[in-house]
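Participant: okay, sequence plus prediction incoming.
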Amino acid sequence: MDLFPLVFRTEGDLTEFNSSRILDSIIKETGLNVEDANKITELVVRRIVSSGIKFLSGPHIREIVCSILSEQHFENERKLYTRIGIPLMDYEKILESFWEKKQGQIVNPEKIHHWAANRISEEYAHLRILSSEESKAHLNGDINIDKLRYFDLRPLSQLWDPRIILQNGVPPFTSFNQCCSLKPAKNFKTALHHLIKWIMMTQNEFSGSQGFNFLTPFLAPYAKGISENELKLIIKNSIFEINQISTITSRKVSPISFLVYPTSWEALSKLRAIGPQGKLENLYETYQQESLKIFNALTQAFKEGDDNNNSFKTPQHEILIDNKWFDKYEEISSNITDEINTQQTPFLLNSKTFGSKNKNIVDFTESEYRNFGILQEVCINLPRLAYLSKEEDKFFELVNSTMNLCSQILVKKYKTIKKRLNSNFLPFCGGIVKNNPIFKLEEQFLSLSFVGLNEALKILTDFELHDNTTAFHLGKRIVGKMNKICLEFSKRDNLSYLLSENLSKKTPFRFARLDKKHFPKMSIPQFNPDIYYYTNSLHFRKNSKIDLLEKLRKQEEFHILMQNGAIEYVSLTELKENDITLENLIKQFFIGSELVNLKFYSDTRESNREK
């Protein structure tokens, strides 16, 4: 044994070299048969002896084994045996210069630990969960697996039914004893505080956004006898608390969302309301005035912004709009248009399309809570497929095969999260209330999205989406086909697939940058001046020369084909140039249209335009 140095183990001790440990680990970790494992072990031992190595460690031996596995063409086994982590120099760069690349962001020790851990998690997903084909498709830019660093542990997003907290307290179940429990709230301030606390507690179990559905009518029973101004102050303090989550968790947190409606949503009106101390009270329809007060106070809080008149980064103010109240309550409608003009914060959701596209989600009952979300999103690079195919028939073939690849990834995500729930790695999601799990895996959505329909059409037809009817109708065929495939996947796998607008702001830039690198002759219309990007999802190119109302009517035809997340952005400057008021656009066009979501932006806040 004098031929071998002592081995320094990661446990912190020294031990004598023992080749049988190498043999056992190769068999256990790679699944190689005994004969091949013996051969690899023998080669490892010979290399150690012939090299005269004076120092050995566990990681060092693993590197030698991986090298020999590759040389012997056991590539899949090499992948399984690989040690994940980051090079020493990379970690030192984080320590010495990470802050220089993150100007304007919070950088602290926890943030650095978080970033390093992300690298390990992403490597694990590539090496252990994804197949070589799936991993290659993501790395090359055929697809983008959103928030891949959380793929092995966290669902993407969730919209919570506030009643789960209002009726049961925080946390809403008794099985979790790692923190103090709070009984159901006695007043408005505590009720809102409990909801925010729940979001903060569950933030570490989701990689994307969270929010609350129908916040205003659900909080209405708590607002009796409270003035609108007092409600506003309570709400502003809670919004301030939400904006500190990123500091607390040391990672960029996706926006929280508040979906609000000024009175009692029809599906809620005949339900018994949950009030102070979690007790059942009168029907929700009897709290119309309280709901209106909260709605108006929330609008005023968003309109004013913080104490420096800056708009709030989070939560997203999502307003469900219909003619039932927009015409009736002129003062509230005026406040909303003021908020749009001053802060551009509201997302306007069309009640007509919201109800038709979310029938199962908004079918509230007294006996069951309605929580839902997106488990994972995978985005497809349509311009890449168009460039590779060059013609329509081949393009549709590539769309089909790529969507099948994406569905394989989404099913793996489903199975992975199922394991995490069973192993109690998601303690809040795994909580049980009224004999039902809070997080129902089978009711989560698997999202397939896309980027660059406009640029794909340019490659296939030499025309952009807005240029002529040929390109426009081909665009509709593409989106319609993708939606049909999602519905087929849902039936095939007994899971809920949906076609969605891309959620990631970075993906259009990532796809365009990789395409310019791999296909330098590929034409990319969008660049400014050296930053390439694609038009997000189904949208017309920014600054395309097309009448505003005509553009909205054409985008409406695409919103009909989408199952989730279609958002149309409208410039306030463009409204003014077309001599259209906000009120008229909302009342005379948006409410009666098939558009799903409308977001206004100022030309001085260009980042609100591109996702």
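Facilitator: Cool, got the structure.
Participant: tell me if I'm right that Tyr569 and Lys599 touch.
Facilitator: Yes - judged on C-beta atoms under 8 Å, Tyr569 makes contact with Lys599 at a distance of 5.2 Å. C-beta here means a position set from N, CA and C on the backbone, and glycine is covered the same way.
Participant: how close does His113 get to Phe428?
Facilitator: Per C-beta to C-beta, to the nearest Å, His113 is found 22 Å from Phe428.
Participant: which one of those two has more residues nearby?
Facilitator: Of the pair His113 and Phe428, Phe428 is the one with more neighbours under other C-beta atoms under 10 Å, namely 18 against 12.
Participant: helix, strand, or coil at that one?
Facilitator: In three-state terms, and counting by DSSP: H, G, I helix; E, B strand; the rest coil, Phe428 is coil.
Participant: wait, doesn't it sit right on Leu421?
Facilitator: No - between Phe428 and Leu421 there is no contact under C-beta under 8 Å: 10.8 Å.
Participant: what sits in contact with each of these two?
Facilitator: Residues touching both Phe428 and Leu421 comprise Phe439, with contact defined as C-beta atoms under 8 Å, 6 or more residues apart in numbering.
Participant: which residues of the chain score low on pLDDT?
Facilitator: 1-2, 9-13, 98-106, 247-251, 359-362, 523, 525-530, 604-611 (pLDDT under 70).
Participant: domains of it?
Facilitator: 6-81, 86-123, 162-361, 372-607 (the TED database).
Participant: show me what the one helix or strand Leu405 maps to is packed against.
Facilitator: In this assignment (DSSP states H and E), Leu405 forms part of helix 392-422. Helices and strands touching helix 392-422, by 3 or more C-beta pairs under 8 Å, 6 or more residues apart in numbering; DSSP states H and E, are helix 132-140, strand 143-145, strand 374-381, helix 382-389, strand 445-451, helix 453-461, helix 469-493.
Participant: C-alpha coordinates for the third one, PDB please?
Facilitator: Pointing back at strand 374-381 there. Taking Å, rounded to 0.1, in the frame of the first residue of the first chain, the C-alpha atoms of strand 374-381 are listed here in PDB:
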ATOM      1  CA  ILE A 374     -48.300  27.000 -13.200                       C
ATOM      2  CA  LEU A 375     -46.000  24.100 -12.300                       C
ATOM      3  CA  GLN A 376     -43.400  24.900 -15.000                       C
ATOM      4  CA  GLU A 377     -43.000  26.800 -18.300                       C
ATOM      5  CA  VAL A 378     -41.000  25.800 -21.300                       C
ATOM      6  CA  CYS A 379     -40.600  28.300 -24.100                       C
ATOM      7  CA  ILE A 380     -40.000  27.600 -27.800                       C
ATOM      8  CA  ASN A 381     -37.700  29.600 -30.100                       C
END
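Participant: relative orientation of the helix holding Leu405 and helix 453-461 in degrees?
Facilitator: Calculated by axes from the mean of the first three to the mean of the last three C-alpha atoms, to 10 degrees, helix 392-422 forms an angle of 150 degrees with helix 453-461.
Participant: what residues sit buried inside stretch 219-232?
Facilitator: When burial is assessed from 16 or more other C-beta atoms under 10 Å, stretch 219-232 yields the following buried residues: Leu219, Ala220, Pro221, Tyr222, Ala223, Ile226, Leu231, Lys232.
Participant: can you tell me which of these is closest to Glu366?
Facilitator: Pro221 (14.1 Å; C-beta to C-beta).
Participant: residues in contact with the closest residue to that closest one other than its chain neighbours?
Facilitator: Leaving aside its chain neighbours, Pro221 sits nearest to Gly275 (3.8 Å; criterion: C-beta to C-beta, 6 or more residues apart in numbering). Applying C-beta under 8 Å, 6+ apart to Gly275 gives the contacts Pro221, Tyr222, Glu281.
Participant: quick check, nearest of these to Lys79?
Facilitator: Tyr222 (54.9 Å).
Participant: distance of the closest residue to that closest one other than its chain neighbours from Leu231?
Facilitator: Sequence neighbours aside, Phe188 is the residue nearest to Tyr222 in space, at 4.0 Å (criterion: C-beta to C-beta, 6+ apart). For Phe188, the distance to Leu231 (C-beta to C-beta) stands at 7 Å.
Participant: what touches both of these two?
Facilitator: If you check Phe188 and Leu231 against C-beta under 8 Å, 6+ apart, the residues they both contact are Ala223.
Participant: how far does the helix or strand where Glu96 lies sit from its chain's centre?
Facilitator: In the assignment (DSSP H and E), Glu96 maps to helix 88-101. Averaged C-alpha coordinates place helix 88-101 at 27 Å from its chain's average position (C-alpha atoms, centre = their mean, to the nearest Å).
Participant: which elements pack onto it?
Facilitator: Contacts defined by 3+ C-beta pairs under 8 Å, 6+ apart place helix 88-101 against helix 109-124.
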